[in-house]
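>>> model this:
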Amino acid sequence: MAISVPNAQRVVLMYHALYKTQPEPTVSAEDAPYAVSEDAFKRQLDAIVDRRDSDAATDGDILITFDDGHASNLDIALPLLCERSLTAVFFITTGFTGSREHFCDASMLSELSSAGMTLGGHGHTHAFFDDLDDAAALSELRQSHAALSALARDGSVDCMSFPGGRYHPRTLELARQAGYLRLFGSTVALAGPEGVDQVVPRVAIRRNTPLDEYRRMIGPDHAWYASVRRSQTVKHTLRRVLGNRIYHGLYKSLRAR
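Numbers count the residues shown, from 1 in each chain. Alright, predicted model coming up:
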């Protein structure tokens, strides 16, 4: 039986690319495990609406976010969100904008913002911040913030997510220097009330996430989160031992099989 937690704890969902039927060739093999079909996304949004309309739901309980800036964020996600009066935060890797195939260009990002969606940073080159020295990290942060501020409807960009969820404690200070006040990671946990978490945890939605598991995520089911956190601890330990480069190479190799 699902165990509910207080409404003060929020669910922050992390999406990447969406696709119509098959993710290839618009989604790379590395990103395919996190690419969600349009039909699955519709069912997931409907589950959010059902929860929003229930007596147990309150505004702000569930936050939808997207990482990277894939073109499907505009082509598929935006109309489905608008149909249901839902909004989302789109964390953009600005170095991909207008230069990487199947990713949003500047006009597409402006359209997202004009439609009431929030633009946030996701680095400039998608580098892992715990691999960068202060100068390189600050350059990544400032480049992305400047590019997005020029595209946002009101010129305001105050949030970002860290690529791979990876950063140093020093990175948090540098991010705030660059103008990013709300910071998001990829540790799986329930988020506290707005402004409580130094780095807001999120739960990743994968291509093979079953709808019944999704409902446990957004419930939220405290037992489900506790189970995932245990397995995540093992992964984090392995990453610390191997280092980012070897761990990420191993991850890509296993995902490609």
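>>> shaky segments in the stretch 151-257 of the chain?
Judged by pLDDT under 70, the stretch 151-257 of the chain has its weakly predicted residues at 233-257.
>>> for it, which segments count as helices?
Along the stretch 151-257 of the chain, the stretches classed as helices by DSSP state H, counting those that start in this stretch are 169-177, 211-218, 222-242, 244-255.
>>> what does the stretch 1-150 of the chain give?
Remark: helices assigned in the stretch 1-150 of the chain by DSSP H, counting those that start in this stretch are 38-52, 72, 78-83, 106-114, 134-149.
>>> neighbours around the closest residue to Arg43 other than its chain neighbours, how many?
Once flanking residues are discounted, Arg43 sits nearest to Leu211: 5.6 Å by CB to CB, 6 or more residues apart in numbering. Glycine gets a C-beta too; all of them are placed from N, C-alpha and C. By other CB atoms under 10 Å, 12 other residues sit near Leu211.
>>> quick one: contacts for Leu211?
Neighbouring residues of Leu211 by CB atoms under 8 Å, 6 or more residues apart in numbering: 40, 43-44, 47.
>>> from Val49, how far off is it?
Distance, Leu211 to Val49, using CB to CB, to the nearest Å: 14 Å.
>>> what's the answer for Asp131, then?
Applying CB to CB to Asp131 and Val49 gives a distance of 40 Å.
>>> Met108 too?
Applying CB to CB to Met108 and Val49 gives a distance of 25 Å.
>>> that older thread, buried subset of the contacts of Leu211?
Burial by neighbour count, 16 or more other CB atoms under 10 Å: within the contacts of Leu211 this picks out 40, 44, 47.
>>> pretty sure Arg207 is touching Tyr34, no?
Yes: between Arg207 and Tyr34 there is a contact under CB atoms under 8 Å: 6.6 Å.
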